[in-house]
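A.B. asks: have a look at this fold, sequence not included:
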């Protein structure tokens, strides 16, 4: 079990990680700020959805989500089509132009990280990614309100991680793969 002293140091380091995320966001083109990339990422990862579901994934108010969607639609990066099940609703979908914008933004973020991590090995980057994913899974779904599906997905991912760790401990998997194949919950705060 982690001690309070070690957890206090981790808390300090997490504040630094937030700053790193801001620095990566500043390197994105002005037309694709981190909030825009977050919306594109959710639509790219989870596919077509209603605006209410998108707001849930992003954990933001529906009015803010509506402004993001309008911004993306004005630029031709998403399609909005009537929902056959509810004529009052629209389904949002990332279109090919939006996919290109998302790919370019992701590439730019990777370039910035690669420049700053040029003295890191791929194993070190994979280890940090796996540990951050494990940290996220340890917290489950931090959004307010009940999220039964997300909690179940997080529990399944934790179980998969534990199985991988056990396999790694017995030499069946290299230690650097532990945590990298865990299922992802729909947590997308500008990640």
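C.D. replies: Perfect, I can see it now. Computed from a predicted structure; not experimentally measured.

A.B. asks: quick one, longest strand in the chain?
C.D. replies: strand 86-94 (DSSP state E).

A.B. asks: list the strands paired with that one, with their directions.
C.D. replies: strand 49-50 (antiparallel), strand 78-83 (antiparallel) (DSSP bridges).

A.B. asks: I'd like the next helix or strand past the first one.
C.D. replies: Right, the one you point to is strand 49-50. Downstream of strand 49-50, the first helix or strand assigned by DSSP states H and E is helix 51-58.

A.B. asks: centre of the chain versus the very next helix or strand once past that following helix, how much separation?
C.D. replies: Toward the C-terminus, helix 51-58 is succeeded by helix 62-74 as the next helix or strand (DSSP H and E). With CA atoms, centre = their mean, to the nearest Å as the basis, helix 62-74 stands 19 Å off its chain's centre.

A.B. asks: for helix 62-74, buried residues please.
C.D. replies: With burial defined by 16 or more other CB atoms under 10 Å, the residues of helix 62-74 counted as buried are 65, 68, 69, 71, 72, 73. C-beta here means a position set from N, CA and C on the backbone, and glycine is covered the same way.

A.B. asks: from those, which single one is nearest residue 25?
C.D. replies: Nearest to residue 25, judged by CB to CB, of the buried residues of helix 62-74 is residue 68 at 15.1 Å.

A.B. asks: residue 33 is in contact with that closest one, correct?
C.D. replies: No - with contact defined as CB atoms under 8 Å, residue 68 does not reach residue 33; the gap is 10.1 Å.

A.B. asks: what residues sit buried inside stretch 37-47?
C.D. replies: Within stretch 37-47, the residues scored as buried using 16+ other CB under 10 Å are 37, 38, 39, 40, 41, 42, 43, 44.

A.B. asks: host element of the closest residue in space to residue 34 that isn't next to it in sequence?
C.D. replies: In space, and not counting its chain neighbours, residue 34 is closest to residue 25: 3.9 Å by CB to CB, 6 or more residues apart in numbering. For residue 25, the host element (DSSP H and E) is helix 4-26.

A.B. asks: so how far is that helix off the chain centroid?
C.D. replies: Averaging C-alpha positions (CA atoms, centre = their mean) puts helix 4-26 17 Å from its chain's average.

A.B. asks: got the angle for the helix or strand following it vs helix 51-58?
C.D. replies: Later in the chain than helix 4-26, the nearest helix or strand by DSSP H and E is helix 34-46. Per axes from the mean of the first three to the mean of the last three CA atoms, to 10 degrees, the angle that helix 34-46 makes with helix 51-58 is 110 degrees.

A.B. asks: helix 4-26 and helix 34-46, what's the angle between them?
C.D. replies: Using the same axes, to 10 degrees: helix 34-46 against helix 4-26 is 100 degrees.

A.B. asks: what packs against helix 34-46?
C.D. replies: Secondary-structure packing of helix 34-46 (3 or more CB pairs under 8 Å, 6 or more residues apart in numbering; DSSP states H and E): helix 51-58, helix 62-74, strand 86-94, helix 96-116.
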